[in-house]
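Peer 1: Please work out how this folds:
(one chain, ligands or ions: 2)
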Amino acid sequence: MELLSNAPAHHSVPDKYVFPPDNDECAALLADDYSPDVAFPVIDLHGHGGSDLPIISNGRRRQLASEIIRAGKEFGFFQVVNHGVGEGVVRRFRGAMEEFFAMPAEEKLPYCSYDRSKRFRLATGTTYDRGETSYWRDYIKFRCYPASEENARHWPSKPSNFTPSLMEYCAAVDELAQTILRLIAEGLGLDGSFFAGDLSGGDTHMSVNYYPPCPDPTVTMGLLAHCDRNLLTVLSQADVAGLQARHDGRWLLVRPIPGAFVVNFGHQMEIVTNGVLASVKHRAITNSTTTRMSVAVHPTDGCRIRPASEMVDDATNPVKYREFLFKEFMEAYDAADANSDQVLKSFKIHHD
Ligand SMILES: O=C(O)CCC(=O)C(=O)O
Ligand SMILES: [Fe+2]
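Peer 2: Numbering: from 1, shown residues only. Ligands and ions are numbered 1, 2, ... in the order given. Alright, predicted model coming up:
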């Protein structure tokens with residue numbers, strides 16, 4: 001497998017990465033990415049209380065919950081600051097990931113695979129590559145939490161700080177994700193523990209995306225437009241721009257805020273909330289100067305999914321999706337090659 005991260009530098013773009021200008025995926029849409037008047041909301045979680053949520057005042061909690069729901073309904077994407085995940089925790093983990101991608105090709109080779117059933121795998125492009133053109137990205141995908149023996153035995157032994165830094169990162173980010181899920185539940189008028197247990201009780205998956213500098217960002221794409229599968233994604237992009245999300249019919253840059261996490265909803269949240277909190281398409285573009293690395297944490301796996309009865313109203317919001325297993329959903333996602341409109345079709349209930 002020819003990984004982008006195996007080359008010390010790229011001086012030209014090989015043909016297989018060049019999207020024709022008439023392709024929807026082509027970054028010629030770059031001109032669309034900046035709009036000084038609209039930005040994804042930034043939510044200051046200061047005082048959120050972490051797993052001890054009840055210790056903060058009800059008023060503060062209600063305010064945070066309603067800010068999240070408003071951002072979620074309007075944008076489906078927002079950023080959180082003062083989130084309680086230590087700066088050192090993020091720095092150590094991102095450092096270990098950089099070391100991983102910088103390892104010599106032969107040390108990375110044993111992990112290379114396009115087999116989606118592998119518990120830890122390294123690859124380039126995506127398994128959903130459309131046609132001949134490849135994406136300007138290397139990535140690892142694996143089950144990152146909990147640190148059970150079953151999950152941990154697939155993690156690489158090098159660099160030596162991989163496992164310890166991963167464990168502290170995932171414990172902290174999982175706690176943040178659970179806090180956000182609790183606030184979402186409360187903001188929707190559901191029981192605070194609505195997402196705890198079955199819905200968010202499975203393994204958490206992680207993607208680490210590595211986009212080296214690209215000599216011509218106008219002809220390449222880092223990652224195809226897609227929606228995430230899970231309840232939500234908590235993403236660290238550090239301070240390098242590249243993530244764009246769909247808003248009001250255009251691509252809007254998710255402007256990097258050092259230390260912030262980007263949060264967005266996946267298909268599963270859209271289904272469970274019967275369409276109230278929708279998943280939003282996003283993609284990554286490349287740049288010519290700086291390596292960009294994003295770390296996406298997606299809680300959940302293996303549960304039964306259906307719209308919450310509290311979110312369904314026969315008159316105003318009739319049930320939109322049937323019940324199914326998350327495993328069934330993953331299969332549909334893969335069969336639809338991550339095409340988000342296609343994915344949801346097989347679970348939709350049509351009302352005449
Ligand atoms: O690189 C990014 O910012 C986007 C990553 C992403 O969308 C994903 O891993 O699902
Ligand atoms: Fe994504």
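Peer 1: low-confidence ranges in the stretch 51-200 of the chain?
Peer 2: For the stretch 51-200 of the chain, the stretches with pLDDT under 70 are 51-56, 127-131, 197-198, 200.
Peer 1: In this structure residue 144 contacts residue 163, no?
Peer 2: No: here residue 144 does not reach residue 163: they are 10.5 Å apart, not a contact under C-beta atoms under 8 Å. (Glycine included, C-beta is placed from N, CA and C.)
Peer 1: Settle it for me: which of those two has more neighbours?
Peer 2: Set residue 144 next to residue 163 and count neighbours by other C-beta atoms under 10 Å: residue 144 wins out with 27 against 15.
Peer 1: Please export the C-alpha coordinates of stretch 242-252 as CSV.
Peer 2: Output of stretch 242-252 as CSV, limited to C-alpha atoms (Å, rounded to 0.1, in the frame of the first residue of the first chain):
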residue,chain,number,x,y,z
GLY,A,242,-9.5,22.0,6.3
LEU,A,243,-12.8,20.8,7.7
GLN,A,244,-15.9,22.2,5.8
ALA,A,245,-19.5,21.5,6.6
ARG,A,246,-22.7,22.1,4.7
HIS,A,247,-24.7,25.0,5.8
ASP,A,248,-27.5,26.8,3.8
GLY,A,249,-26.5,25.1,0.6
ARG,A,250,-22.8,25.9,0.7
TRP,A,251,-19.6,24.6,2.2
LEU,A,252,-18.6,26.6,5.3
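Peer 1: Distance from the chain centre to that stretch, please.
Peer 2: Offset of stretch 242-252 from its chain centre (C-alpha atoms, centre = their mean, to the nearest Å): 15 Å.
Peer 1: do the same with stretch 316-323
Peer 2: Once both centres are worked out by C-alpha atoms, centre = their mean, stretch 316-323 turns out to sit 25 Å from its chain's centre.
Peer 1: Can you check the distance spanned by that stretch, start to finish?
Peer 2: 20 Å (C-alpha to C-alpha, to the nearest Å).
Peer 1: neighbouring contacts of that stretch?
Peer 2: 271, 274-276, 304-307, 311-312, 344, 347-349, 351 (C-beta atoms under 8 Å, 6 or more residues apart in numbering).
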